[in-house]
Structures are given as C-alpha cells and as structure tokens.
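*Asks:* structure for this input, please:
(2 chains)
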Amino acid sequence: DAGVIQSPRHEVTEMGQEVTLRCKPISGHDYLFWYRQTMMRGLELLIYFNNNVPIDDSGMPEDRFSAKMPNASFSTLKIQPSEPRDSAVYFCASSLTGRNQPQHFGDGTRLSIL
Amino acid sequence: GDSVTQMEGPVTLSEEAFLTINCTYTATGYPSLFWYVQYPGEGLQLLLKATKADDKGSNKGFEATYRKETTSFHLEKGSVQVSDSAVYFCALYTNAGKSTFGDGTTLTVKP
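*Replies:* All right, here's what the predicted structure looks like:
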C-alpha cells in the first residue's frame, strides 16, 4: 500500500518567495495533519482536517501560513512570503477515525529559506 | 490539558544493553497510548500501541505496558542493536482525531 506522499522532498528558496508543500494522504483516511519539526521547538501541530474540513488551525504560526484540502486525496501548505525562520522539516500525516488509530507520516519536506 | 512527558535524552548505550525510555502522561478519560520511532531522514512511524489499562504493546523486541495507576507507558527492549538508533516519541490520543506527542528521546547505540 502506498503511504503518505509528500512533495517536494527538499526545497531551497530565497526569503520572500512563495512556498507550496504538497501532500497525498493514504486512500480512505479521513484525517490529515500538518506538522513542523525543528531542533529548537520539536514537533508542532500546525493544522488538521477531518473530511477535508479544517478542524483546528491554532498551531499555524501567522497569516503567512495557509493550508487547503480541496479533496480527500490532496492537501497543500503554503507560506507566503517565506522567511528564514520558516526553515524546518514539514510533515504531513493521515489517519482513520478512532481512538485506536495511529497517524501515518510521510517522509517530510526539508525546507530551507535563505 | 493533555500532556506527555518523556525522559530527556540523548541516551547512549552499547549494543546488547537494556533500554528503558520513560514516558508519563496527563489526560482526562482513558486515552490510547502510542510509541513512534523516527529514523534519520524519515517521518515518524508507529512502533507499538496500547488502548486500555494493563495492555502491553510489543513490536520488534520493544514492549510497553499501559499503567493507569502510575499514568505511565515506559518503552523497554532487552537487547538493543545499532539499527535501533533513532528518535522515539511517546504519544496519546486526545480527542477529535488529535494526538499529543512528547518531545522525543534520541537513542544512539554504539557497537
């Protein structure tokens, strides 16, 4: 079975540019999560969706960040304009409904803002 | 609110040593508990889970027992290998699909 697929795996761009990260969840999963991981702050939940509807975006750092899920098989996380402090590894994860269900993570996008 | 506290790392062991990584939690109700492992350059992946008190989760030689009386879910392995070097995360399922993760514990196993 295909796991969670993220693209690109690496992104290097200059400060001020728009960055778009993409995620394809596991087919049939109804929850989708976006996380950010840094050495300083660890793993942070940014936003998550249930059945394509955003449920909690309280972890989104500021208005420069936005996320969409136009359908059950695709989500994007956009940063505009990007800043050096946005450099991190961004993970997408998906899960089924249920308290026993684990989250399945993609391999992440390593983002470097110069 | 719900929280997870993990043993601070990094932890460095010799091959074949015994491993314990402590995890305690605070939660309302009876959460499901998980251990995830993250290898370099990869995302987190489920290692094991337990869904009710006294349940023992196990996988790849790792074990953890859900202890409601001490609100703990410590990870153990009797004999670690170099290939076990990774970051380990304890997590609990909170509600409405969300999980709360610990800060992660880095394990390095030396030959």
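*Asks:* what about the helix or strand of chain B with the lowest mean pLDDT, near chain A?
*Replies:* The helix or strand of chain B with the poorest confidence is strand B:99-101; it has a mean of 91 (mean pLDDT, DSSP states H and E). Yes: Strand B:99-101 lies within reach of chain A by C-beta under 8 Å from any C-beta of the partner chain, at B:Ser99, B:Phe101. For the C-beta atoms, the positions are set from N, CA and C on the backbone; glycine is no exception.
*Asks:* check which helices and strands whichever helix or strand comes after that strand sits against.
*Replies:* Helices and strands here follow DSSP states H and E; after strand B:99-101, the next one along the chain is strand B:105-110. Using 3 or more C-beta pairs under 8 Å, 6 or more residues apart in numbering or on different chains; DSSP states H and E as the contact test, the elements touching strand B:105-110 are strand B:11-14, strand B:19-21, strand B:86-93.
*Asks:* buried stuff in the first one?
*Replies:* Across strand B:11-14, burial judged by 16 or more other C-beta atoms under 10 Å in any protein chain shown covers B:Val11, B:Leu13.
*Asks:* residues in contact with that strand?
*Replies:* B:Leu19, B:Ile21, B:Val80, B:Thr105, B:Thr106, B:Leu107, B:Thr108, B:Val109, B:Lys110, B:Pro111 (C-beta atoms under 8 Å, 6 or more residues apart in numbering or on different chains).
*Asks:* can you check the longest one too?
*Replies:* With contacts defined as C-beta under 8 Å, 6+ apart, strand B:86-93 is touched by A:43, A:99-101, B:2, B:4, B:6, B:21, B:23, B:25, B:27, B:31-40, B:44, B:47, B:73, B:75, B:99-102, B:104-107.
*Asks:* so where's chain A shaky on pLDDT?
*Replies:* A:1 (pLDDT under 70).
*Asks:* flag every residue of chain A that's near chain B.
*Replies:* Counting by C-beta under 8 Å from any C-beta, chain A sits next to chain B at A:4, A:31, A:33, A:42-43, A:45, A:48, A:50, A:55-56, A:91, A:93, A:95, A:97, A:99-108.
*Asks:* 7 Å instead, please
*Replies:* Applying C-beta under 7 Å from any C-beta of the partner chain, one finds that chain A approaches chain B through A:31, A:42-43, A:48, A:50, A:55, A:91, A:95, A:97, A:99-100, A:102-103, A:105-108.
*Asks:* most tightly packed of the helices and strands packed on strand B:105-110?
*Replies:* strand B:86-93 (a mean of 24; mean count of other C-beta atoms under 10 Å in any protein chain shown).
*Asks:* any idea how far that strand is from the chain center?
*Replies:* Distance of strand B:86-93 from the chain centroid (C-alpha atoms, centre = their mean, to the nearest Å) equals 5 Å.
*Asks:* quick one: mean pLDDT over it.
*Replies:* Over the span of strand B:86-93, the pLDDT mean works out to 96.
*Asks:* that strand pairs with which strands, parallel or anti?
*Replies:* Note on strand B:86-93: by DSSP bridges, its sheet partners are strand B:33-38 (antiparallel), strand B:99-101 (antiparallel), strand B:105-110 (antiparallel).
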